[in-house]
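Novice: everything below, folded, please.
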Amino acid sequence: MKSQISLWNVLAEEYANRCSTSTTMDSKTVQGRIKHEGLSFLTITLPTFGKDFQYCLDQGMVVPESFLSFKKVGSCLPSFLRGFMEQVFDPCNGVLRDDPDVESIRAIRQLTLMFSKVLLPCTPSRERQAMSEYVSCDKEVQYADSVRSNSDVSEFARMGQLLFADVFNHVDRDIYHERIVPKHGPGATADKLSSNGKYATVYWTSRLEKVFHCGDFLAPSPPLSEDWYDGIDLLEPGAELPSRVISVPKTQKTPRIIAIEPSSVQYVQQGILESLNSGIAGSYVSDFISSESQLPNQQLAREGSEGSLATLDLSEASDRVSLQLVEAMLERNPLMRDAVLACRSIRAEVPGHGVIPLVKFASMGSALCFPFEAMVFLTMIFLGIEQERGHRFTSKREIETFIGKVRVYGDDIVCPVDYVHTVVDSLEHFGARVNRRKSFWTGRFRESCGKEYYDGHDVSIVKVRREFPSHRQCVDEVSSLVSLRNQFYEHGCWGVCSWLDPKIKKLLRVFPCVESTSSALGRVSFLGYVSEKEHEQLHVPLVKACVLSSVSPIDKIDGPPALLKYFLKRGRNPRFDEKHLERAGRPRTAYIKTRWVTPY
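Specialist: Numbering: from 1, shown residues only. The predicted structure follows:
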């Protein structure tokens, strides 16, 4: 913990010099609070301060219910970080200054939110609470479905078809002409199969069989004998393996809840996803949603910080997408509807709650979760815009007028400020939950997809992702620390880099300057790299540096499963690792080795 405190002190001093203030008392406050509260002060209490600060920026004043964990002496502003706060808010009345100091805004956000995303395990009680909330959320979705009127469902289906008819028709054609090519991903499965073991699966479900014939998906070529089918276990719905709900580290305050899908349904989901993404890319809706890049959302957030666009954030976004609404959207495309429902997990095994039936469309972990939540939210947004305008949209041309004004990436939403209230009402009317503390439309602060802006100025920050390493064998922590150093360098925090460089060099022993594209664990520098020698055959510059090295676990397959893996590879000239039939999957361990590498 001493390293985290020291990092905070060095960074605070650097920002204090930039903003012509002092952080001596702030450093004492941090040390005292950590002594009594532990690491949670950095990972929970300080981030709460930062979120309150962003909310006050949006409201244009320091609201009374903010900064409750910090003293306010002689002013409505908290005593902590007051040197920076007074350059943003008037100390007498707490109103936002006409021309707040952007560097002070960045400093407050950096010093309070820096440790908000450290990957640390939560306490068992917090994990149990997260699991209970997962189950409660599903019950809330069920209740919302029961009280939703038929007219609301019809309106949702109408708007969904107006937006995505071309996309759904594209997927329908791919299914009809048997162009859906399944794919196994690198992640874990509920049936705990190895990476290559997934290609030797011998079970299928009756729900999948109604849409996708097992012989076309599980065999490398059409089976020539009926004996092949005797070896396939066809599972009825009641015998299907449920998805396995687990928690993974997110923040110390709450874990991330995801579901590990059975290999059979994930296999088909990936094939449908590929067709769906292809349909979206060929449609005008690609200007509203896309899973390819977060950059459009970030650019709109910058434009929105000047006042025209709002950024919205949703809580429990994927878990609140109702199956009822997805079915309504796909009502006119029965082939796609049947295919999507066939590869959807209908039950989930939740620790502490047993196996429960799912009312939500899909949990995070399903390959189709991300695109469908974006489509559902976009439909809700345009229903809200329609309500504000006072008439129904009847053509794509009306929708296209909002290109560059509306954008959805997962649960990150951008929409015009003029329509934000009806959009929020529409989202919540259909079961989504808008996080008001992380949604911005009143002031000049905007946030979307990891980038933050104030009045056109980038006030994004660097976040610590892992604990500081104690030795070189902590591979993930060392790699994260090098990345942290280089991010601080690119943000112009020279003092922090000067403090981090000797610590990293002590761990790695060699720490040369390299380009950001190099595979080496090195220092990014605007001054460039210095070649230490030249490759004998290629005549390219080399530097001695540390690199990450890992080997996939042993996982052998041969025969038909190996042939199936080859046929499922995309591209005319598929490329494989020469040992892909002997080793496959994510490496379980990694090493740091020193060798000569190119610095770019």
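Novice: show me how this protein divides into domains.
Specialist: Listed domain ranges for the chain are 2-116, 124-454, 475-597 (source: automatic domain parsing).
Novice: tabulate those domains (CSV), appending mean neighbour count.
Specialist: No exception for glycine: its C-beta is placed from N, CA and C like everyone else's. Below are the domains of the chain laid out as CSV (neighbours: other CB atoms under 10 Å):
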stretch, mean neighbour count
domain 2-116, 18
domain 124-454, 19
domain 475-597, 15
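Novice: residue contacts, the nearest residue to residue 301 once chain neighbours are set aside?
Specialist: Once flanking residues are discounted, residue 301 sits nearest to residue 448: 3.9 Å by CB to CB, 6 or more residues apart in numbering. Neighbouring residues of residue 448 by CB atoms under 8 Å, 6 or more residues apart in numbering: 297, 298, 300, 301, 304, 311, 409, 412, 413, 414.
Novice: just the ones in helices from those, please.
Specialist: 297, 298, 300, 301, 304 (DSSP state H).
Novice: endpoints of stretch 78-94, how far apart?
Specialist: 10 Å (CA to CA, to the nearest Å).
Novice: what does that stretch contact?
Specialist: For stretch 78-94, using CB under 8 Å, 6+ apart, the contacting residues are 15-16, 19, 21-23, 25-26, 29, 49, 56-57, 61-62, 67, 70-73, 75-77, 95-97, 100-101, 104-105, 107-108, 111-112.
Novice: check stretch 593-600 too.
Specialist: Here stretch 593-600 has contacts from 509-510, 512-515, 517-520, 522, 529, 531, 533, 535, 540-547, 549, using CB under 8 Å, 6+ apart.
Novice: the residue nearest to residue 178 when sequence neighbours are not counted and residue 567, how far apart?
Specialist: Of all residues not flanking residue 178 in the chain, residue 216 sits nearest, at 7.0 Å (CB to CB, 6+ apart). From residue 216 across to residue 567, the span is 11 Å (CB to CB, to the nearest Å).
Novice: next one: residue 356
Specialist: The gap separating residue 356 from residue 567 is 37 Å, by CB to CB.
Novice: next: residue 136.
Specialist: Distance from residue 136 to residue 567, by CB to CB: 44 Å.
Novice: let me know the secondary structure of residue 241.
Specialist: coil (DSSP: H, G, I helix; E, B strand; the rest coil).
Novice: then the one 10 residues further on?
Specialist: For residue 251, the secondary structure call by three-state DSSP comes out as coil.
Novice: show me what contacts it?
Specialist: So residue 251 contacts 43, 44, 47, 116, 117, 118, 120, 122 (CB under 8 Å, 6+ apart).
Novice: how about 10 Å then?
Specialist: Shown in contact with residue 251 (CB atoms under 10 Å, 6 or more residues apart in numbering): 43, 44, 47, 115, 116, 117, 118, 119, 120, 122, 126.
Novice: bridged to the residue nearest to residue 301, which residues?
Specialist: Taking DSSP bridges, one finds residue 451 as the beta-bridge partners of residue 448.
Novice: tell me where the stretch 351-500 of the chain has helices.
Specialist: 369-389, 396-400, 420-429, 475-490, 494-508 (DSSP state H, counting those that start in this stretch).
Novice: mind putting the ones you listed in CSV, mean pLDDT and distance to residue 279 included?
Specialist: Listed next are the helices of the stretch 351-500 of the chain as CSV, based on pLDDT from 0 to 100; distance: least, CB to CB, whole Å:
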stretch, mean pLDDT, distance to residue 279
helix 369-389, 96, 10
helix 396-400, 94, 15
helix 420-429, 97, 24
helix 475-490, 96, 36
helix 494-508, 96, 46
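Novice: could you export those as a markdown table, including distance to residue 559?
Specialist: Below are the helices of the stretch 351-500 of the chain laid out as a markdown table (distance: least, CB to CB, whole Å):
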| stretch | distance to residue 559 |
| --- | --- |
| helix 369-389 | 34 |
| helix 396-400 | 50 |
| helix 420-429 | 51 |
| helix 475-490 | 36 |
| helix 494-508 | 45 |
